[in-house]
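Participant: 3D, please:
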Amino acid sequence: MTFIPQAIRNAFLGLVRPVVQALIRARVHPNTITTVGCLVVLGSAWAFASGRIQLGGALLLLSGVFDILDGQVAREGKLASEFGAFYDSLLDRVGESALFAGIAIYFVRGGVPPALVPLAVGVCLAALSTSLMVSYARARAEGLGIDCRVGIAQRLERFLVLGAPALLIGPGREGRILFWIVVVLALATAVTVVQRIHHVYRATRRPREATAVRRDTLPGRTPAAQQAKGR
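Facilitator: The predicted structure is shown next:
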């Protein structure tokens, strides 16, 4: 279950397909798209920190388009690579860290009433921490050979929930709308962490025959080496 139905996702992928094909023909590498997308998120973080909330929302939504394009170009252009996956995941974390830091700076600099500042900053830290845990849960599960793209607040949903209201409404009176958006994000991502834990638990409880192939050693590693690395 996600905030964005699969039908809407598929429709959007159809809309951006001509752009994907154009990028492939132009030989634009997916890592380049990933880098530009990260720079756009950093721009969004700067906009939030400086109080330009609607600009921050617009840039955040734009970064989501780049986030989709790099994966589509990699797959359809047969340019997917292990380094590309690592690079994309790393820059995603850089962008999210900067984003919530920017929102926290906005709150500290008078975006919310003084009495609300400690709670607002704490909520930003909670939203960031749970976002990182969502990503780590997927990465660790996939390291065990378990697909873990589940949860109500995956990266695209998180950016949409934050970016759309910020663009259309702004921070609200005394920053309260933005504050409550971050609260919702923190709660939704916490729920997603629990959903992924439950998903992996169920996957690892299946009969051993069903998961034997998934739990093979990584290329170039002996079973003992892989076991040691997983500790």
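
Participant: show me the contacts for the residue positioned nearest the centre of the chain.
Facilitator: Centre of the chain computed as the mean C-alpha position; nearest residue by C-alpha atoms, centre = their mean is residue 155, 2.9 Å away. By C-beta atoms under 8 Å, 6 or more residues apart in numbering, the contact set of residue 155 is 67, 92, 96, 134-135. Placement of C-beta: from N, CA and C, glycine included.

Participant: what about residue 108, is that helix, strand or coil?
Facilitator: At residue 108 the chain is in helix, as set by DSSP: H, G, I helix; E, B strand; the rest coil.

Participant: That one touches residue 121, doesn't it?
Facilitator: Yes: checked against C-beta atoms under 8 Å, the pair residue 108 and residue 121 is within contact range at 6.4 Å.

Participant: and the longest helix seen in the chain, what other elements does it pack with?
Facilitator: Taking DSSP state H as the criterion, the chain has its longest helix at helix 176-204. Applying 3 or more C-beta pairs under 8 Å, 6 or more residues apart in numbering; DSSP states H and E, one finds that helix 176-204 contacts helix 82-106, helix 117-143, helix 155-168.

Participant: can those go into a markdown table with extra columns for distance to residue 18 and mean pLDDT?
Facilitator: As requested, the helices and strands packed on helix 176-204 are exported to a markdown table (distance: least, C-beta to C-beta, whole Å; pLDDT from 0 to 100):
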| stretch | distance to residue 18 | mean pLDDT |
| --- | --- | --- |
| helix 82-106 | 22 | 94 |
| helix 117-143 | 30 | 93 |
| helix 155-168 | 20 | 91 |
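
Participant: what about the ones you listed, which gets the closest to residue 27?
Facilitator: Ranking these by proximity to residue 27 (C-beta to C-beta) places helix 82-106 first, at 14.9 Å.

Participant: List the buried residues of that closest one.
Facilitator: Residues of helix 82-106 classed as buried: 84, 87-88, 91-92, 95-96, 98-106 (neighbour count, 16 or more other C-beta atoms under 10 Å).

Participant: All set now, cheers.
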